[in-house]
Each structure stands twice: as structure tokens, then as C-alpha cells.
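*Asks:* the following block contains a protein sequence and its predicted model.
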Amino acid sequence: MKWLPSRAAMLLLAACSPQADKIYTVDELMADDSLLATIIGECRNNPGELHDKPNCRNAEAADGKLRLERMGKSLGG
């Protein structure tokens, strides 16, 4: 019975710990325009803190790929 309080404390601490943000791939962001727009908006709103975050980098890469695809289509490619 001595382990019960320590286990309960561990469960409470685990439940209160901050959740890690999901890191989206470039392909996932290219497939979801609203998610891409949300992440790019957040990253561009606070570039000093967020520019090196994986989601910001992936969002910028996805945005660049989508722009190239649109340019290729508009040029008849």
C-alpha cells in the first residue's frame, strides 16, 4: 500500500505536464489548406520565437511547393 500514494502522484504529474505539439509533415500541410494557413499565420506573427520550430519550417516548405505547383499549372506545365 505504500506505493499507492507515489503512483497517484506520478499520474497527477504526468497529466499536468505540457503536451508536445504535433509536428506535421510537408505533405500533410500541403493537403490541408486551412491548417497550413493557420500555422503560417502563427509563425509569421511571431518569427523571433517560432521561425526555427519544425512546424514553421515545414509550413514554409509546403507553401513554397504549392506556389511552385500553381506557377507550373498557370504556365501550362
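*Replies:* Done, it's in.

*Asks:* list the contacts of stretch 32-50.
*Replies:* Residues from elsewhere that reach stretch 32-50, judged by CB atoms under 8 Å, 6 or more residues apart in numbering: 24, 28-30, 51, 53, 55-56, 59-60, 62-63, 66. C-beta coordinates here come from the backbone N, C-alpha and C atoms, glycine included.

*Asks:* any buried residues in that stretch, and which?
*Replies:* By neighbour count on 16 or more other CB atoms under 10 Å, the buried set for stretch 32-50 is Leu35, Leu36, Ile39, Ile40, Cys43, Leu50.

*Asks:* need the longest helix for the chain.
*Replies:* Longest helix in the chain by number of residues (criterion: DSSP state H): helix 54-74.

*Asks:* kindly export that helix (C-alpha atoms) in CSV.
*Replies:* In CSV, the C-alpha atoms belonging to helix 54-74 read as follows (Å, rounded to 0.1, in the frame of the first residue of the first chain):
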residue,chain,number,x,y,z
PRO,A,54,9.7,22.2,-37.1
ASN,A,55,6.1,23.1,-38.0
CYS,A,56,7.1,26.6,-39.1
ARG,A,57,9.8,25.2,-41.3
ASN,A,58,7.6,22.5,-42.8
ALA,A,59,4.8,25.1,-43.4
GLU,A,60,7.1,27.4,-45.3
ALA,A,61,8.4,24.4,-47.3
ALA,A,62,4.8,23.3,-48.1
ASP,A,63,3.8,26.9,-49.0
GLY,A,64,6.8,27.1,-51.4
LYS,A,65,6.0,23.8,-53.0
LEU,A,66,2.3,24.8,-53.5
ARG,A,67,3.4,28.1,-55.1
LEU,A,68,5.7,26.3,-57.5
GLU,A,69,2.9,23.8,-58.4
ARG,A,70,0.5,26.7,-59.1
MET,A,71,3.0,28.6,-61.1
GLY,A,72,3.7,25.5,-63.2
LYS,A,73,0.0,25.0,-63.8
SER,A,74,-0.6,28.6,-64.8
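
*Asks:* for the record, mean pLDDT for that helix?
*Replies:* In this model, helix 54-74 carries a mean pLDDT of 96.
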